[in-house]
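Asker: would you be able to build a 3D model of this:
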Amino acid sequence: MNPQTKLRVGVALDKTPSNDVDRTPRLPDQDRTWLAFGVQYKPSKTGILDVGYAHEFIKDATVNNTVAGAGTLNGTFKNQADIFSIQYSHSF
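Answerer: So this is what the prediction gives:
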């Protein structure tokens with residue numbers, strides 16, 4: 001925008017390390033897409049203020065676990081995340 005203000009936008013694709021066969025309710029992870037926005041403002045030569053927001057769009061994670069003698073757990077997890085951040089840095 002100007003020498004004091006920067007706008008930032010980002011997109012990320014994050015593949016899960018888990019899979020549909022071995023997924024458990026302890027870690028119902030699935031592939032996700034991140035969308036992030038931020039602004040940086042320099043109020044002085046020594047100060048920087050950063051503000052950011054990110055939303056994670058996470059695919060529904062299915063669980064189908066059978067434990068001998070305990071039964072079967074079937075289900076779907078609907079996950080999402082919103083991340084807000086504020087940071088101020090000052091150089092000496």
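Asker: next helix or strand past the lowest-mean-pLDDT helix or strand in the chain?
Answerer: Ranking every helix and strand in the chain by mean pLDDT, DSSP states H and E puts strand 61-67 at the bottom, with a mean of 83. Where DSSP states H and E defines the elements, the next helix or strand beyond strand 61-67 is strand 71-77.
Asker: and for the residue nearest to Thr72 when sequence neighbours are not counted, the neighbour number?
Answerer: Spatially, and ignoring its direct neighbours in sequence, Thr72 is nearest to Thr66 (4.6 Å; Cβ to Cβ, 6 or more residues apart in numbering). In this view, the C-beta of every residue, glycine as well, is placed from N, C-alpha and C. Thr66 has 9 neighbours, counted by other Cβ atoms under 10 Å.
Asker: tell me the spacing between Thr66 and Arg23.
Answerer: 13 Å (Cβ to Cβ, to the nearest Å).
Asker: gap between Thr5 and Ser44?
Answerer: 13 Å.
Asker: returning to that earlier point: quick one: list the elements packing against the least confident helix or strand of the chain.
Answerer: strand 71-77 (3 or more Cβ pairs under 8 Å, 6 or more residues apart in numbering; DSSP states H and E).
Asker: so in that sheet, which strands flank the strand it packs on, and in what orientation?
Answerer: strand 61-67 (antiparallel) (DSSP bridges).
Asker: next one: the strand it pairs with to chain centre, how far?
Answerer: With Cα atoms, centre = their mean, to the nearest Å as the basis, strand 61-67 stands 24 Å off its chain's centre.
Asker: which residues are in contact with that strand?
Answerer: Identification of contacts with strand 61-67 by Cβ atoms under 8 Å, 6 or more residues apart in numbering yields 18, 20, 23-25, 28-30, 72-77, 79.
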